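# whatever this is, show me its structure:
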Amino acid sequence: MSSDKSTQNVDTDLLKRLYAFVRPYRWYVLLAVALTLSASFMGTVRPKLTQMAIDEHIANNDYDGLVWIVLLLVGTLISEFVLLVANTYLTRWFGQGTLYSLRNRVFEKIQSMNVQFFDKNPIGKLITRTTSDIEALNDLLSHGVVNLVGDLFRIVFILYFMFSMSWELSLVVLATLPILFYATFLFRAKVRVAFLNVRDQIARVNSFVQEHINGIDIVQLFGREEKQREHFEKRNRDHRDAYIDTIFYFAIFWPTVEVIASVAMALVIWYGGGRALMGGVTFGVLVAFIQYARQFFHPIRGLSEKFNTLQSALASSERIFHLLDLENEIPEPEHPKTIKHPRGAIEFKNVWFRYVEEEDYVLKDISFEVVPGENIAIVGATGAGKTTIINLLNRFYDIDEGSILLDGVDIRDLTIRELRSNFALVLQDNVLFTGTIHENISLGNTDISREEIVECAKKVEAHRFIKKLPGAYDYRLKERGKSLSMGQRQLISFVRAMVYDPGVLILDEATSSVDSETEAIVNKAYRKMMEGRTSIVIAHRLSTVQGADKILVMHKGKIRETGTHSELMQREDGIYRKLYELQYKEQLAGENATASSSEQKTVETSEENI
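Next up is the predicted model:
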């Protein structure tokens, strides 16, 4: 019993929260309720008119009166039709408006969450929340609630007309209700669990499809299509079985309602027919009761369908509101500070961090300082913690111990928006969106003019290839910019970083995915970008960091060496020197003298090809 009460409380809370999204349309909802009540009354008045036609006019050979009754019947039919059309359009209209607001809220919430949230939640699951879970609310919000009220009042109207004609026959019809209520109670308990399972299985299918479409090239390259088909088939089978459970319950429940309705009809004919033969009721009343008995179970069937809709909607809304209730693990400061004159000074003080509590620290007692305008490079083997430093600096994650300062202010005392406005981040795998090149660079910021974009594109050597594209800056990119080469996508990312004029430029493996010729162009581009601003470069290719003011060498979460390229190369057993020699062991020392002239020639040649 306590479990049922708990479920009812949850359901009530969910409906209250859903009402908050319906509230802006409350007057339209009231109008829709009025329309559906009017339509319900028009539908239930027809058997009464039939009874009057038989008992008062047909029995008395009153042709003129019969004509008026027929005209009234036609009038009620037309009125019901008009009311139902208006009600259907109105309820669908405000239902879609409600879904529009809810979908926007969910997407806004997802965008506001920190990176840790996306580490724990598959993208397919989040897609399910914004699409199919919200769509499951469509029937409920579009017409379910309003029609639920209409069905309830239709039952009330039917009972009123039945009792006004014969209380005995009314009790005969109602005698079947206890069986129906018991069947409904059992149905409700089973179908709620079944619908929750269906929503879980849909999320699993969406997650699997999204992940494997993104990695389709790997699947095909290694010939794993058949194996992945088997994995998908299992998830799809689980979804099918979960849905079949709901079909099973409805396959039992709806025929049960039909049988009970037929029993009620038979009882009316049996008892009412006997009463009519004895003169207890008129023939018109018996005909009207047969119609009312049929009508009485229509709204009850409608209520069971609405209950189906309600259970599906509650299962979906439970997941939607769970998402909306999640707290961001990167909290905003209660009393935020501001940086009035950004300089780009950065300081890490004894920073410790690990991604998972049970695992070892990724960063261990990290301390270093970057003065304004300085160009530092961070190098080290894979897993040394290089990218983690960037993640912490942008507060994608919060540190466990220590502090990180930006211009002398702890980054936890700055709002997320202000903190990140000081940085421009260019990644190894840069994200481009479906849209024009101009839209991908400005990201919809109307304060950035076309002239500024062109000027920045020229500075980073991107204007040359962009102007050759059909439409130039209005050239429309395909999904993730796949219509461009890797080097072209990288240069567009550089332009995007430049137009926002950041105080601190961060390049995380920005050249690791391009060939050596394109790398020369990219290197030339980001050297221009670093002029006059603090910059942090993370790179595997040590050729890109030799000109850095300071190089931090990381190993197993600690900074092992610090210095310029020449200083680090002088350490015979140094980590940096070993890394350098591994990359350039076949390179002769004399090549350094001709490196600059060779690079310039490569740039000139590659710019024509890019």
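# measure the residue lying closest to Phe321 once chain neighbours are set aside to Asn114 for me?
Spatial nearest neighbour of Phe321, chain neighbours left out: Arg17 (5.7 Å); criterion: CB to CB, 6 or more residues apart in numbering. Bear in mind the C-beta positions are built from the backbone N, C-alpha and C, glycine included. As for Arg17, its distance to Asn114 is 24 Å (criterion: CB to CB, to the nearest Å).
# flag the shaky bits of the stretch 301-450 of the chain, pLDDT-wise.
Along the stretch 301-450 of the chain, the parts satisfying pLDDT under 70 run over 304-305, 307-308, 429.
# wait, I meant the stretch 101-250 of the chain
122, 124, 143-144, 184-186, 188-193, 196, 199, 210-225.
# ok but the residue nearest to Phe321 is inside a helix, no?
Yes - assessed with DSSP: H, G, I helix; E, B strand; the rest coil, Arg17 lies in a helix.
# return the alpha-carbon coordinates of stretch 121-133 using CSV.
Extracted in CSV, the C-alpha atoms of stretch 121-133 (Å, rounded to 0.1, in the frame of the first residue of the first chain):
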residue,chain,number,x,y,z
ASN,A,121,26.0,9.7,-20.1
PRO,A,122,26.1,8.3,-23.7
ILE,A,123,25.2,10.8,-26.4
GLY,A,124,22.5,8.4,-27.7
LYS,A,125,20.8,8.5,-24.3
LEU,A,126,20.7,12.3,-24.3
ILE,A,127,19.3,12.3,-27.9
THR,A,128,16.5,10.0,-26.6
ARG,A,129,15.7,12.6,-23.9
THR,A,130,15.4,15.4,-26.4
THR,A,131,13.5,13.5,-29.0
SER,A,132,11.5,10.3,-28.3
ASP,A,133,11.1,10.9,-24.5
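# tell me the gap between it and the middle of its chain.
In terms of CA atoms, centre = their mean, to the nearest Å, the centre of stretch 121-133 is found 5 Å from the chain centre.
# that stretch: which residues count as buried?
Of all the residues in stretch 121-133, those buried under the rule 16 or more other CB atoms under 10 Å are Asn121, Pro122, Gly124, Lys125, Leu126, Ile127, Thr128, Arg129, Thr130, Asp133.
# how about those, which pair is most distant?
Greatest spacing in the buried residues of stretch 121-133, by CB to CB: Pro122 and Asp133 (14.2 Å).
# now do the domain split for the protein, please.
Following automatic domain parsing, one finds the domains of the chain at 11-164, 167-280, 346-609.
# and the most centrally placed residue in the chain, what is it in contact with?
In the chain, the residue lying closest to the centroid (CA atoms, centre = their mean) is Thr130, at 3.4 Å. Thr130 is in contact with Arg103, Val106, Phe107, Ile110, counting by CB atoms under 8 Å, 6 or more residues apart in numbering.
# and with 10 Å instead?
Leu102, Arg103, Asn104, Arg105, Val106, Phe107, Lys109, Ile110, Ile320, Leu323 (CB atoms under 10 Å, 6 or more residues apart in numbering).
# tell me where the chain has strands.
Secondary structure of the chain by DSSP state E: the strands cover 346-353, 363-370, 375-380, 401-406, 409-410, 423-426, 435-436, 476-477, 504-508, 534-538, 550-555, 558-563.
# which of those sits closest to Glu334?
Nearest to Glu334 among those is strand 409-410; the distance by CB to CB comes to 13.4 Å.
# who touches that closest one?
Contacts for strand 409-410 (CB under 10 Å, 6+ apart): Pro333, Pro336, Lys337, Thr338, Ile339, Ala345, Glu347, Lys349, Ser403, Ile404, Glu418, Leu419.
# pull the contacting residues for the closest residue to the third one other than its chain neighbours.
Right, the one you point to is Lys337. Excluding the flanking residues, the one nearest Lys337 by CB to CB, 6+ apart is Asp413, at 4.5 Å. Counting by CB under 10 Å, 6+ apart, Asp413 touches Pro333, Glu334, His335, Pro336, Lys337, Thr338, Ser403, Leu405, Leu406, Leu419.
# recalculate using a threshold of 8 Å.
Per CB under 8 Å, 6+ apart, neighbours of Asp413: Pro333, His335, Pro336, Lys337.
# one more: Asp119?
Tyr355 are the contacts of Asp119 under CB under 8 Å, 6+ apart.
# do you know how far it is from Glu509?
Counting by CB to CB, the separation of Asp119 from Glu509 is 19 Å.
# which neighbouring elements make contact with the longest helix anywhere in the chain?
For the chain, the helix with the greatest residue count under DSSP state H is helix 63-112. If you count contacts as 3 or more CB pairs under 8 Å, 6 or more residues apart in numbering; DSSP states H and E, helix 63-112 packs onto helix 2-22, helix 26-52, helix 123-130, helix 132-135, helix 138-139, helix 145-165, helix 283-325.
# turn those into a markdown table, including distance to Arg354.
Formatted as a markdown table, these follow (distance: least, CB to CB, whole Å):
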| stretch | distance to Arg354 |
| --- | --- |
| helix 2-22 | 36 |
| helix 26-52 | 50 |
| helix 123-130 | 24 |
| helix 132-135 | 33 |
| helix 138-139 | 44 |
| helix 145-165 | 49 |
| helix 283-325 | 26 |
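# what's the closest of these to Phe81?
It is, among the helices and strands packed on helix 63-112 and with distance given as CB to CB, helix 26-52, at 8.7 Å.
# what angle separates that closest one from helix 283-325?
Per axes from the mean of the first three to the mean of the last three CA atoms, to 10 degrees, the angle that helix 26-52 makes with helix 283-325 is 160 degrees.
# which strands and helices lie in contact with helix 26-52?
helix 63-112, helix 145-165, helix 283-325.
# can you put those in TSV and add mean neighbour count and distance to Val495?
Output for these, formatted as TSV (neighbours: other CB atoms under 10 Å; distance: least, CB to CB, whole Å):
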stretch	mean neighbour count	distance to Val495
helix 63-112	16	23
helix 145-165	20	51
helix 283-325	20	35
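# out of those, which gets nearest to Pro470?
Short answer: helix 63-112, nearest of the helices and strands packed on helix 26-52 by CB to CB, at 31.8 Å.
# ok, back up a step: save the strands of the chain as a markdown table, and put in mean neighbour count too.
A markdown table is the format used below for the strands of the chain (neighbours: other CB atoms under 10 Å):
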| stretch | mean neighbour count |
| --- | --- |
| strand 346-353 | 19 |
| strand 363-370 | 18 |
| strand 375-380 | 23 |
| strand 401-406 | 17 |
| strand 409-410 | 16 |
| strand 423-426 | 22 |
| strand 435-436 | 15 |
| strand 476-477 | 17 |
| strand 504-508 | 23 |
| strand 534-538 | 25 |
| strand 550-555 | 22 |
| strand 558-563 | 16 |
